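Undergrad: Structure of the sequence below:
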Amino acid sequence: MCGHGPTSPAWNALGDAGQTFADLQRVEQEAPQEFRRPSLRALTAGLLYGPIRVEGAREFAARTGALAG
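TA: Residues are numbered from 1 along each chain as shown. This is a model prediction of the structure:
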């Protein structure tokens with residue numbers, strides 16, 4: 001990740017679910033081990049319950065371990 005951490009928490013704080021999801025997908029590609037962090041799993045799961053539907057979020061959450069089962 002070029003020495004930079006994920007920007008998804010910042011995008012999430014701004015209420016931009018699309019950018020949050022795009023960054024989480026980038027993290028999955030570049031540093032999948034980051035999804036061991038509870039904060040990223042919680043952020044991913046949070047996309048499922050937000051006011052904006054994010055296409056592919058449920059599958060992504062299951063794939064990265066943010067959903068049990």
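Undergrad: which one's the longest helix in this structure?
TA: Ranked by number of residues, the top helix in the chain under DSSP state H is helix 17-30.
Undergrad: for it, what is the average pLDDT?
TA: If you average the pLDDT over helix 17-30, you get 94.
Undergrad: buried sites along that helix?
TA: For helix 17-30, burial by neighbour count (16 or more other CB atoms under 10 Å) applies to A17, T20, F21, D23, L24, V27, E28. From N, CA and C alone the C-beta is placed, and that goes for glycine too.
Undergrad: And for stretch 44-52?
TA: Applying 16+ other CB under 10 Å to stretch 44-52 flags T44, A45, L47 as buried.
Undergrad: Could you dump the buried residues of helix 17-30 into JSON lines with distance to V54 added?
TA: As requested, the buried residues of helix 17-30 are arranged in JSON lines below (distance: CB to CB, whole Å):
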{"residue": "A17", "distance to V54": "5"}
{"residue": "T20", "distance to V54": "8"}
{"residue": "F21", "distance to V54": "5"}
{"residue": "D23", "distance to V54": "12"}
{"residue": "L24", "distance to V54": "10"}
{"residue": "V27", "distance to V54": "15"}
{"residue": "E28", "distance to V54": "14"}
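Undergrad: Specify which member of those is nearest to W11.
TA: Proximity of the buried residues of helix 17-30 to W11 (CB to CB) peaks at T20, which lies at 4.2 Å.
Undergrad: so that closest one makes contact with L43?
TA: Yes: in this structure T20 lies within contact range of L43 using CB atoms under 8 Å: 7.0 Å.
Undergrad: intersection of neighbour lists for these two?
TA: Shared contacts of T20 and L43, defined by CB atoms under 8 Å, 6 or more residues apart in numbering, are found at S8, N12.
Undergrad: what does the helix or strand where A61 lies contact?
TA: Using DSSP states H and E, A61 sits in helix 57-64. For helix 57-64, the surrounding residues in contact (CB under 8 Å, 6+ apart) are 21, 24-25, 28, 32, 35, 40-41, 44-45, 47-48, 66-67.
Undergrad: Wait, L67 touches L47, no?
TA: No: contact criterion CB under 8 Å: L67 and L47 do not qualify, at 11.0 Å.
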